[in-house]
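Trainee: Generate coordinates for the sequence data below:
(one chain, ligands or ions: 1)
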Amino acid sequence: MTGSTKYIFVTGGVTSSLGKGIVSASLAKLLQARGFTVTIQKLDPYINIDPGTLNPYEHGECYVTEDGAETDLDLGHYERFLDTPTSQANNVTTGRIYQNVINKERRGEYLGKTVQVIPHITDEIKRHIQALGRKGIYDFVITEVGGTVGDIESLPYVEAIRQLKWEKGRDALAIHLTLLPYLSTSGELKTKPTQHSVKELLSLGVQPDILVCRTEHPMTKGMKDKIALFCNVDQRAVIESADADTIYDVPLLMQQEQLDVVVLEKLGIANYPEPDLDRWREFLRRHKNPKATVRIGLVGKYVELHDAYKSIKEALDHAGAENEAKVDIQWIHSEKLTAKNVAKHLQGLSGILVAPGFGNRGIEGKLEAVRYTRENKVPFLGICLGMQCAVIEFARNVLGLAEANSTEMNPDTPWPVISMMEEQKAKVDMGGTMRLGAYPCKLSEGSLTALAYGKTSIKERHRHRYEFNNDFLEQYRKAGMSAVGVNPQTKLVEVVEIKDHPWFVGVQYHPEYKSTVIRPHPLFTRFVQVALQHQEGTLDRKAAMA
Ligand code: GLN
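Mentor: Residues are numbered from 1 along each chain as shown. Prediction:
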């Protein structure tokens, strides 16, 4: 598209958790399917600089981008839907906005002026929104504002939207997502909260151009007219967003409601091509028509909150579709696993995934899960802390180093098989505490992992402080656990495998962040495939190497 970048703002009203991220990603997908370039940005109104320090119970998983930004999990949806990488610029928090403004103030950049929310904070917000547009590569920048309109903390964002809409005229529009609650006693959907939410936006100077109405029941005839009339929007711009079987249905539901067409018309874009959603539909066909079901155990300490493992769950779904199988995830709480009950909990599962994590809680349970999986020759995928647990378990039960541990769990362990490298210690002292973002990895020819990827040079994303301790490398290799993936520059171990096992892979990196609908991650795809073979009784090392 030639001409200036178009800005689309997405706000939410009535309640939180309406799925703004999915609606934003779905609109982006539809525009992308018509050949436009699109990126999505999330503005989070909390004061943390980024979600890196947040407990997963607060906002779910912390998603990591190629450039090492710790971001909101919605960025995972953006990447999974669009299959294009995001970066630090795609997630900004109030904390970061204020930090930038305060740093500028300290440097004297405001030339003695009184620094205020308007214009300084709002200017900083506008700068972040437009930074993506200024790259000159995007036809559309979709900016999603976290939280709910009316919250005190989102006021500066709404004000920034008001100003940008005024400045950009036809190059900007606002979409407001609301809820139509259903009253079962009267059997009715109610529009009043939507009207109030739009009033709230209007009181802040923003007239939404499009309303997307979340609803558990079909909207009745005349409802769109009523909402249109009371909220000053076109009838066609009232979009019904019914509950979907899967989040991956939402782009098609939005297409039926013509959300993309209304957006294009309102932004004055004509002669756009038909959307090409063939690959998307093919994914949905496979996802919804599985030929088999495979039960995979996900062992972690946050399992009561599935959002804490969002990218892993989605990557398993993508891999399931690729194998035309349904992945039935069994969420297993690591704190509940003991040597005594582990068999009861893990019996009958076709694959075990030990999840990432931090700190001591649930570690002993994870080690029991690894032991069960190793001894019973069940397909195993350990991710980050899951890989570290595989290394610790092997030390304790195969190498006979009973007190082996990670120095994260026991700084005084006599056998620090997982520890912090000198280089990382120096960074921790300087405040940058984690190895973050994409690093290269060289895989050994013929390893299970190289076979899964179909290549030996890969790049994967990291988020951790501790590493396999290379002092133990030889001892492990002799006993049957080898480092088959190594960072070519630093020699840090990225992947371990056990020789005497049909499929046992531990990765220090996070493959889940890179799985998308269009490109399921090869390691997850192979893991699900070998789990299916294990279930059918056809898995042996040779089959896994085929
Ligand atoms: N706690 C471990 C470390 O810091 C693993 C981190 C993770 O699983 N993301 O190295």
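
Trainee: drop to CA atoms for contacts and neighbour counts, all remaining ones
Mentor: OK.

Trainee: what about Cys62, distance to the ligand?
Mentor: Applying C-alpha to the nearest ligand atom, to the nearest Å, the value for Cys62 to the ligand is 10 Å.

Trainee: ok, that residue - contacts?
Mentor: 51-52, 56, 70-73, 308 (C-alpha atoms under 8 Å, 6 or more residues apart in numbering).

Trainee: In strands, which of the residues you listed appear?
Mentor: Counting by DSSP state E, the part of the contacts of Cys62 found in strands is 70-71.

Trainee: quick one: which two of the contacts of Cys62 are the most distant?
Mentor: Taking every pair in these and measuring C-alpha to C-alpha, the maximum separation is 14.0 Å, between Glu70 and Ala308.

Trainee: Make JSON lines out of the contacts of Cys62 and add neighbour count, pLDDT and distance to Ala270.
Mentor: Listed next are the contacts of Cys62 as JSON lines, based on neighbours: other C-alpha atoms under 10 Å; pLDDT from 0 to 100; distance: C-alpha to C-alpha, whole Å:
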{"residue": "Pro51", "neighbour count": "24", "pLDDT": "86", "distance to Ala270": "40"}
{"residue": "Gly52", "neighbour count": "18", "pLDDT": "85", "distance to Ala270": "42"}
{"residue": "Pro56", "neighbour count": "18", "pLDDT": "83", "distance to Ala270": "44"}
{"residue": "Glu70", "neighbour count": "24", "pLDDT": "93", "distance to Ala270": "38"}
{"residue": "Thr71", "neighbour count": "26", "pLDDT": "93", "distance to Ala270": "35"}
{"residue": "Asp72", "neighbour count": "25", "pLDDT": "91", "distance to Ala270": "34"}
{"residue": "Leu73", "neighbour count": "22", "pLDDT": "92", "distance to Ala270": "34"}
{"residue": "Ala308", "neighbour count": "25", "pLDDT": "91", "distance to Ala270": "42"}
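
Trainee: In the stretch 301-450 of the chain, what residue comes closest to the ligand?
Mentor: Pro356 (3.3 Å; C-alpha to the nearest ligand atom).

Trainee: Tell me if I'm right that that residue and Gly300 touch.
Mentor: Yes. Using C-alpha atoms under 8 Å, Pro356 is in contact with Gly300, at 7.4 Å.

Trainee: Show me what counts as buried in stretch 75-89.
Mentor: Buried positions in stretch 75-89, judged by neighbour count with 16 or more other C-alpha atoms under 10 Å: 75-83, 85-88.

Trainee: Of these, which ones also sit close to the ligand?
Mentor: Among the buried residues of stretch 75-89, proximity to the ligand is found for none (C-alpha under 6 Å from any ligand atom).

Trainee: For these, work out which two are farthest apart.
Mentor: The largest separation in the buried residues of stretch 75-89, counting by C-alpha to C-alpha, is between Phe81 and Gln88 at 18.1 Å.

Trainee: Now do the contacts for the residue of the stretch 301-450 of the chain closest to the ligand.
Mentor: Taking C-alpha under 8 Å, 6+ apart, we find Pro356 in contact with 300, 382-386.

Trainee: which phi and psi does it have?
Mentor: Note on Pro356: backbone dihedrals following degrees, to the nearest 10 are phi -70, psi 170.

Trainee: Any idea how many residues pack against the closest residue to it other than its chain neighbours?
Mentor: What sits nearest to Pro356 in space, not counting adjacent residues and going by C-alpha to C-alpha, 6 or more residues apart in numbering, is Leu385, at 4.5 Å. Leu385 has 26 neighbours, counted by other C-alpha atoms under 10 Å.

Trainee: same question, Leu155
Mentor: Counted with other C-alpha under 10 Å, residues neighbouring Leu155 total 18.

Trainee: can you check Arg526 too?
Mentor: Residues near Arg526, counting by other C-alpha under 10 Å: 22.

Trainee: Kindly report the same for Glu536.
Mentor: 10.

Trainee: any idea how far the ligand is from it?
Mentor: Counting by C-alpha to the nearest ligand atom, the gap from Glu536 to the ligand is 31 Å.

Trainee: Next up, the contacts around the residue nearest to Pro356.
Mentor: Counting by C-alpha under 8 Å, 6+ apart, Leu385 touches 354-358, 508.

Trainee: Give me the residue ranges of this structure where confidence is low.
Mentor: Low-confidence segments of the chain (pLDDT under 70): 1-2, 423-432, 543-546.

Trainee: Sticking with the residue of it most remote from its centre, tell me its helix or strand.
Mentor: Of all residues in the chain, Gly112 has its C-alpha farthest from the mean position, at 41.9 Å, by C-alpha atoms, centre = their mean. Assigned by DSSP states H and E, Gly112 falls within no helix or strand.

Trainee: and the stretch 351-500 of the chain, which residues reach the ligand?
Mentor: Residues of the stretch 351-500 of the chain lying close to the ligand (C-alpha under 6 Å from any ligand atom) are 356-358, 384-385, 463-466.

Trainee: mind redoing it with 8 Å?
Mentor: Applying C-alpha under 8 Å from any ligand atom, we find that the stretch 351-500 of the chain lies next to the ligand at 355-359, 383-386, 388, 408, 420, 434, 462-467.

Trainee: so is the nearest residue to Leu532 once chain neighbours are set aside in a helix, a strand, or just coil?
Mentor: Distance criterion C-alpha to C-alpha, 6+ apart; nearest residue to Leu532, sequence neighbours excluded, is Val294 at 6.1 Å. What DSSP: H, G, I helix; E, B strand; the rest coil gives for Val294 is strand.

Trainee: What distance do you get for Val294 to the ligand?
Mentor: Separation of Val294 from the ligand (C-alpha to the nearest ligand atom) stands at 25 Å.

Trainee: so how far is the first residue of stretch 259-275 from its last?
Mentor: Stretch 259-275 has its terminal residues 13 Å apart, counting by C-alpha to C-alpha, to the nearest Å.
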